[in-house]
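just the structure for this:
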Amino acid sequence: MSDFCLDDKESIDFLKEAFNILSEPNRIKIFCLLWEKKAMCVCEIVSALWLKQNLVSHHLSMFKRIWLVTSNRCCTNIYYSINQDVYKKLKTLVWNIFILKDT
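Numbering: from 1, shown residues only. Reported below is the predicted structural model:
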């Protein structure tokens with residue numbers, strides 16, 4: 001991906017939404033769990049974080065708005081994992097703004 005440009009509306013909108021979503025502490029915890037475990041169902045996240053099921057489902061739906069997580073059904077459970085392509089896009093944009101601009 002090329003250097004970030006202030007005229008790149010799509011990237012700016014994506015970053016705005018991603019930062020908004022990641023600004024909630026429980027979402028950061030969920031993201032870290034998914035990163036560590038690779039895939040988890042809602043019930044596993046509920047058990048790990050002691051959050052209500054409907055709250056976890058809401059947080060996951062927020063991640064799905066920007067395609068940061070994917071879901072796959074296995075029998076009666078839906079397993080969520082980080083979408084590596086979208087994660088790389090986010091990482092690259094953040095790198096280009098906050099790291100490369102300082103050098």
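
alpha carbons only for contacts and neighbour counts from here, please
Will do.

look up the closest residue to the spatially most central residue of the chain, ignoring the ones flanking it.
Among the residues of the chain, the one closest to the centroid is L68, at 4.1 Å (CA atoms, centre = their mean). Spatial nearest neighbour of L68, excluding adjacent residues (CA to CA, 6 or more residues apart in numbering): N83 at 5.2 Å.

near V56, how many other residues are there?
V56 has 20 neighbours, counted by other CA atoms under 10 Å.

pLDDT below threshold where in the protein?
Applying pLDDT under 70 to the chain picks out residues 1-7, 100-103.

what sits against N26?
Applying CA atoms under 8 Å, 6 or more residues apart in numbering, we find N26 in contact with H59.

that one: which element?
helix 25-37 (DSSP states H and E).

and that helix, what's buried?
For helix 25-37, the neighbour count (16 or more other CA atoms under 10 Å) marks 27, 30-31, 33-34 as buried.

isn't L60 right up against V69?
Yes: counting by CA atoms under 8 Å, V69 is a contact partner of L60 at 7.5 Å.

related to what we said a few turns ago, the helix holding N26: how far from the chain's middle?
8 Å (CA atoms, centre = their mean, to the nearest Å).

in which helix or strand does I78 reside?
Taking DSSP H and E as the definition, I78 sits inside strand 77-82.

which secondary structure elements does that strand sit against?
helix 25-37, strand 40-41, helix 42-49, strand 69-74 (3 or more CA pairs under 8 Å, 6 or more residues apart in numbering; DSSP states H and E).

residues near K38, how many?
12.

so what does it look like in phi/psi?
Note on K38: backbone dihedrals following degrees, to the nearest 10 are phi 80, psi -40.

save the helices and strands packed on strand 77-82 as JSON lines, and put in distance to I97 too.
Below are those laid out as JSON lines (distance: least, CA to CA, whole Å):
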{"stretch": "helix 25-37", "distance to I97": "21"}
{"stretch": "strand 40-41", "distance to I97": "31"}
{"stretch": "helix 42-49", "distance to I97": "32"}
{"stretch": "strand 69-74", "distance to I97": "23"}
